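[1] For reference, the sequence and a predicted model appear below.
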Amino acid sequence: MPVTTENEVFNVCSVSSNYNSNVAQIVAKTLNTVGLEGVVNITESPTGFSRFAMVNGLVYERGFVSPLFAETMSQDGEDAK
């Protein structure tokens, strides 16, 4: 059964957050903003506040998309000879 409406998205978020309505509301708002095909990254806040921040574009955690982007092929940072 596909999820299509904002209310259905909220219901799924509510169940996924153990019925924490504050977290469910933030995640549902974020999913409605980025779209159901978008990526949402949730991290624990060291403060007591909940918020969402949207970043347009691509984010790479580490590494290279292609080895052609690397200046050197060595793992230790020294030039490959």
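    Cool, got the structure. All values reported here derive from a predicted model rather than from experimental measurement.
[2] Please name the residues that touch residue 7.
    Not one residue lies near residue 7 by C-beta atoms under 8 Å, 6 or more residues apart in numbering. All C-beta spots, glycine's among them, are computed from the backbone N, C-alpha and C.
[3] Need the per-residue pLDDT for the nearest residue to residue 17 once chain neighbours are set aside.
    Excluding its sequence neighbours, the residue lying closest to residue 17 (C-beta to C-beta, 6 or more residues apart in numbering) is residue 23, at 4.1 Å. On the pLDDT scale, residue 23 is placed at 88.
[4] Could you do residue 72 as well?
    pLDDT, residue 72: 65.
[5] Any stretches of the chain with poor pLDDT?
    Residues of the chain meeting the criterion pLDDT under 70: 59-65, 67, 69-81.
[6] Go again with 80.
    Across the chain, residues meeting the criterion (pLDDT under 80) sit at 55, 57-81.
[7] Can you pull the phi/psi pair for the residue nearest to residue 17?
    Phi and psi for residue 23, reported as degrees, to the nearest 10, are phi -70, psi -40.
[8] show me what contacts it?
    Applying C-beta under 8 Å, 6+ apart, the residues contacting residue 23 are 13, 17, 50.
[9] before we move on, what about residue 26?
    For residue 26, the contact set (C-beta under 8 Å, 6+ apart) comprises 50, 51, 52.
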